[in-house]
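**Q** Need a 3D model of the following:
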Amino acid sequence: MSSEHVENAHKARNVSGDVSGARSPHRARRTYSVYGDGDATMALKILVAGGFGAGKTTLVGAVSDIRPLRTEEPLSEAGRGVDDTEGVARKTASTVAMDFGRITLHAGLSLYLFGTPGQDRFWFLWDELSEGALAAVVLADTRRLEDCFAAVDYFERRRIPFVVAVNRFPGARSHAVHDVSRALDLDLGTPVVLCDARDRDSGKDVLIRTVEYAGRVHTARLLDSVS
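**A** Have a look, this model is predicted:
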């Protein structure tokens, strides 16, 4: 990733607006401990976000233990005039509400996965989907890195811990994680990992990293609040 590309990406993110729109203050979020007691079953809510065509539906489907719920609709000619399909011209369908899946990481700990729609016109759904989320995964496509700026801003402003997962598309140029982190102007300590959204083990590793990171963030906030 050239220095010019990084600087251009950095500038683009700095001028991106608040994607939540002019709405009343969002509802208070509930957070969850990542530690269970005994054999009690714990379910954690994780969002899977990112730009249009970044691989959100693919990741949820690859890792889910159950048949995933999908709300995909075919792309229409009218929609192509609204949605930016550059770089994902072969994409034929798009999520219009959400994806849903569930994965059990180990006995007593399950994750409920909610995939967000990627198009700008569906941003109004994000506040509802993020209610009660422990953390998020932001899928990034380095061919269209600017598409995930809005998701990064959304979670940073709402203090929802997130991990950036760079989806390695076939034929796409490879970039070091620190270059991606700099291009996205991420806060210090925000994890960036490489993944293949089609591969269950790769997606599961991303989710484990996300839960571990969220646990550290929420624990640190709790300690700060009582100190």
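
**Q** Need the residues that contact stretch 167-178.
**A** The contact list for stretch 167-178, computed with Cβ atoms under 8 Å, 6 or more residues apart in numbering, reads 1, 50, 54-55, 59, 139-143, 166, 192-197. Any C-beta I mention is one placed from the backbone N, CA and C, and that applies to glycine too.

**Q** list the buried ones in it?
**A** Neighbour-count burial for stretch 167-178 flags 167, 168, 169, 175 (criterion: 16 or more other Cβ atoms under 10 Å).

**Q** now swap in stretch 196-216 and tell me
**A** 196-198, 202-207, 209-211, 213-215.

**Q** from the residues you listed, which two are the most distant?
**A** The span of these, defined through Cβ to Cβ, is set by 198 and 215 at 27.1 Å.

**Q** circling back: could you tell me which of the buried residues of stretch 167-178 belong to strands?
**A** With DSSP state E as the criterion, strands contain residue 167 from among these.

**Q** I'd like the buried residues of stretch 167-178 as JSON lines, with distance to residue 115 and pLDDT appended.
**A** Putting those into JSON lines (distance: Cβ to Cβ, whole Å; pLDDT from 0 to 100) gives the following:
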{"residue": "167", "distance to residue 115": "13", "pLDDT": "96"}
{"residue": "168", "distance to residue 115": "19", "pLDDT": "93"}
{"residue": "169", "distance to residue 115": "18", "pLDDT": "90"}
{"residue": "175", "distance to residue 115": "24", "pLDDT": "91"}
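
**Q** ok, the buried residues of stretch 167-178 vs residue 153, which is closest?
**A** residue 167 (19.5 Å).

**Q** gap between that closest one and residue 142?
**A** Distance, residue 167 to residue 142, by Cβ to Cβ, to the nearest Å: 9 Å.

**Q** List the contacts of residue 213.
**A** Per Cβ under 8 Å, 6+ apart, neighbours of residue 213: 135, 161, 163, 191.

**Q** Could I get the residues you listed in CSV, plus columns for secondary structure?
**A** Converted to CSV, the contacts of residue 213 look like this (DSSP: H, G, I helix; E, B strand; the rest coil):
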residue, secondary structure
135, strand
161, coil
163, strand
191, coil
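
**Q** Dump the residues you listed to JSON lines, plus distance to residue 124.
**A** As requested, the contacts of residue 213 are arranged in JSON lines below (distance: Cβ to Cβ, whole Å):
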{"residue": "135", "distance to residue 124": "22"}
{"residue": "161", "distance to residue 124": "23"}
{"residue": "163", "distance to residue 124": "25"}
{"residue": "191", "distance to residue 124": "29"}
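
**Q** could you flag which of the residues you listed are buried?
**A** 135, 161, 163, 191.

**Q** Just give me the closest of these to residue 115.
**A** residue 135 (14.2 Å).

**Q** While we're on that closest one, how confident is the model there?
**A** In this model, residue 135 is scored at 98, pLDDT.
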